[in-house]
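Novice: Kindly generate the corresponding structure for this input.
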Amino acid sequence: MEKKDLKPAAVFHYFEEICQVPRPSKKEEKIVAYLKEFGKKHNLETKVDEVGNVLIKKPASRGMENCKTVVLQSHVDMVCEKNNNVSHDFLTDPIETIIDGEWMKANGTTLGADNGIGVATELAILADDTLEHGPIECLFTIDEETGLTGAFALKEGFMNGDILLNLDSEDEGELFIGCAGGIDSVAEFNYYEADVPDGYFCCKIEVKGLKGGHSGGDIHLGRANANKILNRFLTLAFNKYDLYLCEIDGGNLRNAIPREAHAIIAIPEANKHDLRTDLNVFTAEVQAEYAVTDPDMELILSSEPARAKAIDADTTQRLLQTLYAVPHGVYAMSQDIPGLVETSTNLASIKMKPGNIIRIETSQRSSTASSKQDIANMVRTVFEMGGAVVTFGDGYPGWKPNTHSEILEIATASYKRLFGVDAQVKAIHAGLECGLFLDKYPGLDMISFGPTLQGVHSPDERMLIPTVEKFWLHLTDILKHIPEKK
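Specialist: From the prediction side, this is the model:
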């Protein structure tokens, strides 16, 4: 397959064009300028808000002026990752696309089909005067990948649609009708330094080899949390020996299930062989518990040079007890969509900070706003009972599934009519811009869909070419069947 044979030709034409325009997250000036010029060239009303979101309006085709207004929405920024052996400057260099069988990919970099293919599809619709549709508004948001900045900054009245079609999903034939909202909770313990007695054995306990994963998309898989595993053993040892906790560290990103954690402890020299026996027994137990989800789990004990200082005993006890009690994992399943996680929490990271502070970061998710706040309050209560000071981030809203949505009925009927099979209706336990749109435009009726992408956010990103045409046929058929305003 050659590029000149790609269908729909207009979509791939515009995709190739925007691949020439650098558009890293937070550096979208060039793609915003491109979109403004596109609107001017096609004599379409175009406006840009204070942060750089772009809206281009297209009037209805003849006879469909009374149809409901549809907002088509994509984000313009892309994740910029490349292989180590590739020389590429994402601020200046174009993305080089390659055809590999039925797949399109880039030459050693991210392709940017997330969400460039959505942008290209909107441009193809704006430029095509043969299509049948009601009034259309094309919304292009900035900085979705690193902060949802564009969606957060969107003001009421910037767009005026009744229906929103988000073109940022990655599995053709799947219609998404909900996503989780999220909030970050941060707990801080203050401690003072205690002296480690002479003649104590100092060692490092490490938890390694866990799969981890996305704290939304993978939380239902029941994978081990390195922070929880480490704390279980530390609690066992603290209750049995005169243990001094000198250092503790685990996890990194708030939206990732922690894969590794370690602690440095000191215990009486006479107990060191017993400690190793305890760890061997404990390791066998937890490896059996997680044999399916984390078959490569390791717990390692290694000697360390003597430490003079440790966290005081009172703080150590409160810290270990709190980490034991604080919830992690799935809290509730959706009552609307079988198999969908509704509410969850992730014990993400434990870090020692300057000023004798132990900082613990967690994140909570739910597709229901009240449940998100409830689980966050539960986490806060546990930490406060342990004596920590808790703060919350701003958070972002979820999108509660509406299985009786009018646009969902139109989209499912269209898919069946076109392809003879049923589209799958789904929701995801992760964030989409849709939750923020709904927060500011409560009357919007929304779905999210797109062609098939794999390996997004990595240089392995690729797009399944035949699914782009199916996506196009589906989208344009939906636009043809939008009902009139009542």
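Novice: need the helix or strand of the protein with the lowest average pLDDT.
Specialist: strand 213-214 (a mean of 80; mean pLDDT, DSSP states H and E).
Novice: Who are the packing partners of it?
Specialist: Contacting strand 213-214 under the criterion 3 or more CB pairs under 8 Å, 6 or more residues apart in numbering; DSSP states H and E are the following elements: strand 256-257. C-betas here are computed from N, CA, C, even on glycine.
Novice: State the next helix or strand along the chain beyond the strand it packs on.
Specialist: Note on strand 256-257: by DSSP states H and E, the next helix or strand toward the C-terminus is strand 261-268.
Novice: what's that next one packed up against?
Specialist: strand 200-208, helix 226-240, strand 244-250.
Novice: Run the angle between the helix or strand that that strand is followed by and strand 261-268 for me.
Specialist: Downstream of strand 261-268, the first helix or strand assigned by DSSP H and E is helix 272-289. Helix 272-289 and strand 261-268 meet at an angle of 150 degrees, taking axes from the mean of the first three to the mean of the last three CA atoms, to 10 degrees as the criterion.
Novice: can you list the weak-confidence ranges in the stretch 101-250 of the chain?
Specialist: Low-confidence segments of the stretch 101-250 of the chain (pLDDT under 70): none present.
Novice: you'd agree S458 is up against E81?
Specialist: Yes - at 5.7 Å, S458 counts as touching E81 under the criterion of CB atoms under 8 Å.
Novice: Now for the two: what residues contact both?
Specialist: Here S458 and E81 have T110 as joint contacts, going by CB atoms under 8 Å, 6 or more residues apart in numbering.
Novice: coming back round to it: mind checking which of the helices and strands packed on strand 261-268 is nearest M463?
Specialist: helix 226-240 (34.1 Å; CB to CB).
Novice: what helices or strands is the closest one leaning on?
Specialist: Helix 226-240 packs on strand 200-208, strand 244-250, strand 261-268, helix 272-289, helix 313-325, strand 341-353, going by 3+ CB pairs under 8 Å, 6+ apart.
Novice: Buried residues, the last one. List them.
Specialist: Going by neighbour count (16 or more other CB atoms under 10 Å), the buried part of strand 341-353 is V341, E342, T343, S344, T345, N346, L347, A348, S349, I350, M352.
Novice: Excluding chain neighbours, what is closest to the first one?
Specialist: I take that to be V341. Nearest residue to V341, sequence neighbours excluded (CB to CB, 6 or more residues apart in numbering): H429, at 4.2 Å.
Novice: What of the fourth one?
Specialist: The spatial neighbour of S344 that comes closest, neighbours along the chain excluded (CB to CB, 6+ apart), is I219 at 4.6 Å.
Novice: List the contacts of that neighbour.
Specialist: I219 touches G213, I257, G329, V330, V341, S344, N346, R365, H429, counting by CB under 8 Å, 6+ apart.
Novice: how about those in a markdown table, adding distance to L418?
Specialist: As requested, the contacts of I219 are exported to a markdown table (distance: CB to CB, whole Å):
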| residue | distance to L418 |
| --- | --- |
| G213 | 35 |
| I257 | 39 |
| G329 | 40 |
| V330 | 36 |
| V341 | 31 |
| S344 | 36 |
| N346 | 39 |
| R365 | 34 |
| H429 | 29 |
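Novice: Just give me the closest of those to A306.
Specialist: Closest to A306, out of all of these and judged by CB to CB, is I257, at 33.7 Å.
Novice: How much space separates that closest one from S349?
Specialist: 11 Å (CB to CB, to the nearest Å).
Novice: And R380, which helix or strand is it part of?
Specialist: Assigned by DSSP H and E, R380 falls in helix 369-385.
Novice: distance between that helix and the chain's centre?
Specialist: Helix 369-385 sits 21 Å away from the centroid of its parent chain (CA atoms, centre = their mean, to the nearest Å).
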